Each structure stands twice: as structure tokens, then as C-alpha cells.
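Q: Sequence first, predicted model second:
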Number of protein chains: 2
Amino acid sequence: MNNPITVEVTRGKLVESRHRGLAVVTDGDGAIVFSAGDVDAVTFPRSACKAMQALPLVETGAADAYGFGMKELALACSSHSGEDEHVALAASMLKAAGRDESVLECGAHWSFEQPVLIHQARTLEKPTALHNNCSGKHSGFVCACCHSGEDPRGYAGYDHPLQAEIRGIMESLTGTPLGRDNCGTDGCSIPTYAVPLVALARGFGKMATGKGLEPVRAAASKRLIEACMAEPFYVAGTKRFCTRLMQVAPGKIFAKTGAEGVFCALLPEKGLSFAVKCEDGTTRAAESMIAALLARHFDKDMPEHAALMAMANHSMRNWIGLHVGDVRVTDVLFG
Amino acid sequence: MNNPITVEVTRGKLVESRHRGLAVVTDGDGAIVFSAGDVDAVTFPRSACKAMQALPLVETGAADAYGFGMKELALACSSHSGEDEHVALAASMLKAAGRDESVLECGAHWSFEQPVLIHQARTLEKPTALHNNCSGKHSGFVCACCHSGEDPRGYAGYDHPLQAEIRGIMESLTGTPLGRDNCGTDGCSIPTYAVPLVALARGFGKMATGKGLEPVRAAASKRLIEACMAEPFYVAGTKRFCTRLMQVAPGKIFAKTGAEGVFCALLPEKGLSFAVKCEDGTTRAAESMIAALLARHFDKDMPEHAALMAMANHSMRNWIGLHVGDVRVTDVLFG
């Protein structure tokens, strides 16, 4: 099917570029309350599902054993910007498990955020694995292994017991069989599994409500979601969209982006779960889509609604500050 | 109409993201020899049409008066990376006209290219207008004004005589009436005009063949295209796609990208002109599209064909070098 145009980018009086997308919202029972596009098509959640991948860190008792608080749990679910605070916290998590960055298998990269990259260029010869946007998640993996007495070496591999455990968790949450056929390798080298977008939404919905989950998993899910909402800086970073979304309504919105235009979000109090994918993989469109869908569930008179709509529809300015065009969502998201 | 999927991005065994696009190839008479998608739809050429915008620099005699060679003309048509050589050459062009960077109206930004940005961060407090990717074009504008005895102040504005002249040139080349209704403001603050993609291809085709152009314009067009092909580093920069495309077949390929997924190219010896637009504005797709279309016009046994197809279809590796997926063009571009 042709997925609908969900976001337009204008210049002058004309539309310059168009993004097509899939979007789904499910309620506390997993029922679809809104959908656009082919939401049964499989999508790699990429980093959007990091909170699911962080469950072993809590469920094994590693987080408690190492004394991790909200910040550490948020970082374990993060795609952080590599700011100094993120890097230091990831290092301290590894230290708690008696390890250091040499155990990380995610590879190294400079920050994707320009101001952070400039700071890094001025203070580092080159980045380490601790600067990788996934270093919090990987540090969480290492901690889960160490606390369980498992050798963390090879923890990123498909056949390592940790990845097998995560595969089982994600199968259970999404209700989708996962294996080599729907497996890809993520940027940080761990397996990522393509699932229907609606299954991804339902999986996060279970984390929000705990419905159908074992008590240990329900409690771990609640704790991770609450940690992200409490420490949004540690889920992404300064001026990042995930962080800003969660700052709009503290404690009421969970949000997490993934590469190639994926975004997941929760309104835990309402049991609502949101998942979007921009067909072409563009982040700006996924951001506008998720903000617009979230806005619909806040009263139009409330500041949260206005703040979210301002994140969905926003103007673009050029290097000298002239207004040149707009990014705006289409009516498809308000059907 | 629904534009076709022209580029797919895979991960594991699955397609992760899809790009739709428009593409057109015209011959030396402006006849369409290939098209895909709605090529009559209007597209902002953005920086892809810089060679058209550089015509006054040559036609007024400014380039000769200031002693500009191939490198300066290439830079006047460029979206450069802000490497030291680009910045120094833009400064020297302004100096030839008795001006300096304070006259530039393009604004300042850090390089878009990570290695250059890291170098800039380590050597500059902040970038100036000379580091703007459009500083060569703007320096050419200033030189054209100064040589003609026109005050360059306000040269970026719609009503300045220079922009009126460029508007006339682009109307003539594209055969499209240009005015406030199809005008937008570009990132560097000059007007940009939306024209049908096929009209953009025909305009560049005229620059390649000189057919239907006054002798002065035909000569200036030939000189600019040849300068870009002779000095591809000054049209973009180290490892940039425009530069690499022109290096594949020196003197045979002209290529220029524009923001929001536009790419134009010429095979001047064959009189062929190429224009593509990725519907969603993504550069990676425009790059693959233009490389694949160019490849079709080189013998399959020749190294140029293989080199261009390797730029159209290429693998993606993650931070530790694992192959995670591919960017590949679809059969639509080989219809």
C-alpha cells in the first residue's frame, strides 16, 4: 500500500518535500485507537526499544546490586549525545561492575550533536566507546552479565545468553516470533528485530500498564519508564527531541527515538502507546508525527497541547535568521 | 500522482526505509529520453543551479577583469565544505574586487562535514561568512556587482539588480516564468525559484550545448561547466559526492547537488542533462539516483560504469565495521 503523506516541508508558498509515514496508537488493552498507513508492515525499532532491552538489568537485580538510581536506569535506555555527564555516568556504571570501557562492544563515534561535537573536538583526541550514543545501554548489558555471573565477552552477539534473553523478552512483549529471518545488526552491533509497528506499540503498552506481565517484569518496566520520565536529560541530551518531549509534561510522557525515522511514546496514566515510522527514515518527520499524536491527548486549552503542537509544526530559519519555510503535519494524523 | 520508490535502504534481509523520487534525462534538443515520477511538478533547485547563478560573474567580464581561473569559477558554482582552501580562495576573490567578508550576506555556519568541522573547532573560535558553503557563490555575486559599478549592498535581495538579472537568466534557461509566487528564500538568503524538474534539466542542457543561447551566454556557460569539471574539489570538497562523481570521468561529467534531495548533472559530450529530486528531501537517495542514471550512459565494460554503480548501490557499515545493510536503487531507474 502507499503510506500517506504525514509531514510536509514548505518553502515560500510551496511544499518542497513530503514525508510518508505509518503511525499507530493503542490503548491499555492493546486495541488500536488510531492508525495511518500499513501498521502491520515490519519495522526495525532500532534504538526506540532500548527500554525493552534494559529489562534484564533490572530483572536480574543488577541495578539494585550496583546501587543504580533513576539516572543510571535512564542512561541504560538512552541514545545520549555524548555530553560529559553521559560519558561519566556510563563509566561509573561499568566501574560498579568492576569493568571499564575496554569491555564495550559498541564502537566509538563523535557526537551527532554539533555543539557537543565541537566541545569534544576541543577536548578529546578522539572519542571512545563511552562516547557512543549507546554506551549507557551497553554498560547496562555488561552490568546485567556481570551480576549474573555471565562472561560479558561477546555480549552483543546474537548467540550470547544476554541477547537470547532479550530476544525472549521482546518476543513476549511484541507477540512476534523473532529469529534470524527478521534480525538485522544495529549501529552498535547488537541484534535488532523487525516487528509490525502495531506490535511494537502493543509491547510498549504492556510495559506501561503491566497487563499480562509477570510481576517482576511489570515492576521492572514501570521502574525503567519512570526513570526515563524523571531524568529525560539522560535519555538523550541538551535540546534533544526525546528530552524536550518528556520535559513538556514531566512524569506524564515517555518518548524514545530510533534511527531511520522511528519514534515510540507512552502516556502511562492513560495506558496509551504510540509508535511511528517515517517511510523514508527521516528523523524530522518522525519527530513531528509523534509530537502531533501526543498533542491530541492533551486538552487544547492546556499549555502541554500548545507545546507539543509547536514541536510538531515549526518554522525553519536560515543562517541569518530569516523564516524560509515550515515543517508541518498533515490532516492524516488528525483523522 | 504517487512518485515511484527509486531507492531502498536494507538492513539484514529486509528493506528498512524507502525513498520516492522524480528523475528526468533530456537530450541535446531538450527532448525527454527518460523520466520517472511527476517531472512536471515544481521543484526548488536550491544549490543545484549555482552554475546558472554564476553566469553574471563571467558574462559581465568580472571574472576576466579580476583574473579568475578555473578554481575561482568552480568555487563560484560550489557548495563547498569550508575547508581551508575553499575559505582562502573565497577571501582572495573578494580581495580582487577590493572587498572583504564583511560584504557577504550569506550568514555563517560550521562545516556540514564532520572531519572539517572537527578541524574548524580546533582552529577557529567560530566560523565566518567565508566558511558558509555558499561563500564562493556569494563572492562571485559581489565581484559581478563591483565590476559592473553596482553597489553590492543588498545583493542577496529579490529586488537587487543582480538578483533581477539572475531571475531573467533562469527564466530564459528554464523557459519558466519566475516571480514572487514561485520564489522561496534559500539557506544563504538569496531567492530560489521552483520550476518543473524537466525545465531544470532542459536549462542545464542548454548550458551544455549552447543551443538557443546568445554567444556570450553560450561561452560563459561552457566555461563554468568546464571549470567545475576541471576543479571538482572546489565545487564541493574532500570525499563529497559531487567531487567524486566528477572525478570518475574527468572532463566528461558535471554534477551539482542541492539541498532537500536535488541533484543535477551533465554529460556535455553527449548533450545529456540529468535532474533528480528525492520526494522526501534526502541526500543519500538523490546521490544514488543521479549516479545510477549517469552509469547507464557508460559502457558496462568500462571502469566508469562500475565506479558510478558502486556510488549508486553501496553497503553501510556500523561503528566497528560490520556490514549492516545496503543503499540500492530500484529497477525504476533502469526502465
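A: Sure thing, it's come through.
Q: Chain B contacts on the stretch 1-150 of chain A?
A: Taking C-beta under 8 Å from any C-beta of the partner chain as the criterion, the stretch 1-150 of chain A approaches chain B at residues A:2, A:9, A:11-14, A:16-20, A:42-44, A:105-110, A:114, A:117-118, A:121-122, A:132. C-betas here are computed from N, CA, C, even on glycine.
Q: Can you tell me the element A:A144 falls in?
A: Element membership for A:A144, per DSSP states H and E: helix A:135-148.
Q: Now A:L75: which helix or strand?
A: Using DSSP H and E, the element containing A:L75 is helix A:70-76.
Q: Could you report the separation of the residue in the stretch 51-200 of chain A positioned nearest to chain B from A:A129?
A: In the stretch 51-200 of chain A, the residue that lies nearest chain B is A:G107 (2.7 Å; C-beta to the nearest C-beta). When distances are taken as C-beta to C-beta, to the nearest Å, A:G107 and A:A129 turn out to be 6 Å apart.
Q: Please identify the buried residues of the helix or strand that the helix holding A:L75 is followed by?
A: Next in sequence after helix A:70-76, counting helices and strands by DSSP H and E, comes helix A:84-96. Of the residues in helix A:84-96, those buried under the neighbour-count criterion (16 or more other C-beta atoms under 10 Å in any protein chain shown) are A:E85, A:H86, A:V87, A:L89, A:A90, A:A91, A:M93, A:L94, A:A96.
Q: Turn these into a markdown table, columns for pLDDT.
A: Putting those into a markdown table (pLDDT from 0 to 100) gives the following:
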| residue | pLDDT |
| --- | --- |
| A:E85 | 98 |
| A:H86 | 98 |
| A:V87 | 98 |
| A:L89 | 98 |
| A:A90 | 98 |
| A:A91 | 98 |
| A:M93 | 98 |
| A:L94 | 98 |
| A:A96 | 98 |
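Q: what's the helix holding A:A144 packed up against?
A: In terms of contacts (3 or more C-beta pairs under 8 Å, 6 or more residues apart in numbering or on different chains; DSSP states H and E), helix A:135-148 is packed against helix A:50-53, helix A:55-59, helix A:62-65, helix A:70-76, helix A:84-96, helix A:161-174.
Q: Can I get the ones you listed in JSON lines including distance to A:T26?
A: Written out in JSON lines, the entries for the helices and strands packed on helix A:135-148 read as follows (distance: least, C-beta to C-beta, whole Å):
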{"stretch": "helix A:50-53", "distance to A:T26": "15"}
{"stretch": "helix A:55-59", "distance to A:T26": "20"}
{"stretch": "helix A:62-65", "distance to A:T26": "28"}
{"stretch": "helix A:70-76", "distance to A:T26": "24"}
{"stretch": "helix A:84-96", "distance to A:T26": "31"}
{"stretch": "helix A:161-174", "distance to A:T26": "12"}
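Q: re earlier: for the helix holding A:A144, what does the pLDDT average out to?
A: Confidence over helix A:135-148 (mean pLDDT, whole number) is 98.
Q: what angle do that helix and helix A:161-174 make?
A: Orientation of helix A:135-148 against helix A:161-174 (axes from the mean of the first three to the mean of the last three C-alpha atoms, to 10 degrees) gives an angle of 110 degrees.
Q: Partner strands of the top strand by length along chain A and their direction?
A: The strand spanning the most residues in chain A, taking DSSP state E as the definition, is strand A:14-26. Here strand A:14-26 is paired, per DSSP bridges, with strand A:5-11 (antiparallel), strand A:32-36 (antiparallel), strand A:272-278 (antiparallel).
Q: Let's have those strands in CSV, adding mean pLDDT.
A: CSV is the format used below for the strands paired with strand A:14-26 (pLDDT from 0 to 100):
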stretch, mean pLDDT
strand A:5-11, 98
strand A:32-36, 98
strand A:272-278, 98
